[in-house]
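Participant: Using only what follows, build the 3D model:
(chains A, B, C and D)
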Protein chains: 2
Amino acid sequence: MNIGQAAKLSDVSAKTIRYYESIGLIPKAARADNGYRDYSENDVETLRFIKRSRNLGFSVEDVSNLLDLWRDKERASADVKAVALKHIEDVETRIQELQSIRDTLTNLTESCHGDDRPDCPILEGLAGNNGCCN
Amino acid sequence: MNIGQAAKLSDVSAKTIRYYESIGLIPKAARADNGYRDYSENDVETLRFIKRSRNLGFSVEDVSNLLDLWRDKERASADVKAVALKHIEDVETRIQELQSIRDTLTNLTESCHGDDRPDCPILEGLAGNNGCCN
DNA sequence: GATAACCTTCAACTTTACTATAAGGTTTAA
DNA sequence: TTAAACCTTATAGTAAAGTTGAAGGTTATC
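Facilitator: Okay, here's the model as predicted:
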């Protein structure tokens, strides 16, 4: 199938597929007689794998590692698990950072009456005129 | 004081201070006789405000708006609150996305024995061979 | 007086992951 | 047959927020 069809089936745009090929994330595609890239069902599977992994927040480099593991039928599942656990840890850290930010902002906004008067604890907090943040 | 001193006091690097000036986030600095930028305590306060705001995840553009509001002694606190509430909402959305990712990954890793055998539910999940994700 | 530690400008580069554009060849459908 | 809808390559641009480097002037210290 042509790249457009593969794009549709995998939900990865044609441009992005070419980009992935250019950076070596996927091997160079086979070519039809007319020079067009030619994809198999298997290639589409790979693209779907990439798409799902990216949706789960793995970097392209992580995905590259995961693809290697996926293709290696002898790999130890522990190797895959290690990549996943590391990523979970990173995600968890980011969640906690964001929660901390949210809580600080929530405290600030709750103390701001939010009307047309000018005094504003939010700005005071950002300026450091209270003990609540940093 | 010189830029290095202002950098130290505000915890914003000298290069970043120059960068902020170049994009108009802060006004052009006063100059000493030798041509060096000259900062006041007030300027350092502003840099600290910027630093805290950035730490709380506000974009540079948001910070620009917040600075305008900060400088405008007539502003309505409601205007500030609106910026903060919008940001809280964005942060909350991001937290939920990350939690969803984390939960999916946790499910996958929990079903993976993680030893030296090759079969791996994580890769199967990423490949779409189960119902758990996307 | 030398040398380190400052400061200056300006342009270019970094990161990540694409996206866009140009100029052109191919295929499909009316 | 001609127009739309594909496909090709190569180059450049985007986002965001800085960072780096070169080439040079200034100041503080030994």
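
Participant: wait, isn't residue A:84 in contact with residue B:122?
Facilitator: Yes - Residue A:84 sits in contact with residue B:122 when judged by CB atoms under 8 Å, with a separation of 5.2 Å. C-beta coordinates here come from the backbone N, C-alpha and C atoms, glycine included.

Participant: which residues do the two both contact?
Facilitator: Contact with both residue A:84 and residue B:122 is made by residues B:108-109, B:112, according to CB atoms under 8 Å, 6 or more residues apart in numbering or on different chains.

Participant: do the helix or strand where residue A:8 lies and DNA strand D meet at all?
Facilitator: Element membership for residue A:8, per DSSP states H and E: helix A:3-10. Yes - part of helix A:3-10 sits close enough to DNA strand D to count as contact by CB under 7 Å from any atom of the strand, namely A:3-5, A:7.

Participant: If we go by neighbour counts, what in that helix is buried?
Facilitator: Going by neighbour count (16 or more other CB atoms under 10 Å in any protein chain shown), the buried part of helix A:3-10 is A:3, A:6-7, A:9-10.

Participant: what is the mean pLDDT for stretch A:6-15?
Facilitator: Here the mean pLDDT over stretch A:6-15 is 96, rounded to a whole number.

Participant: should've said stretch A:100-110
Facilitator: The average pLDDT for stretch A:100-110 rounds to 93.

Participant: Other residues contacting stretch A:43-53?
Facilitator: The set of residues that contact stretch A:43-53 without belonging to it, under CB under 8 Å, 6+ apart, is A:1, A:6, A:9-12, A:17, A:20, A:25-26, A:29, A:62-63, A:66-67, A:70, B:125-128, B:133-134.

Participant: Ok, stretch A:99-112 next?
Facilitator: Contact partners of stretch A:99-112, identified using CB under 8 Å, 6+ apart, comprise A:120-122, A:125-126, A:132-133, B:56-57, B:77, B:80-81, B:84-85, B:87-88, B:91-92, B:95.
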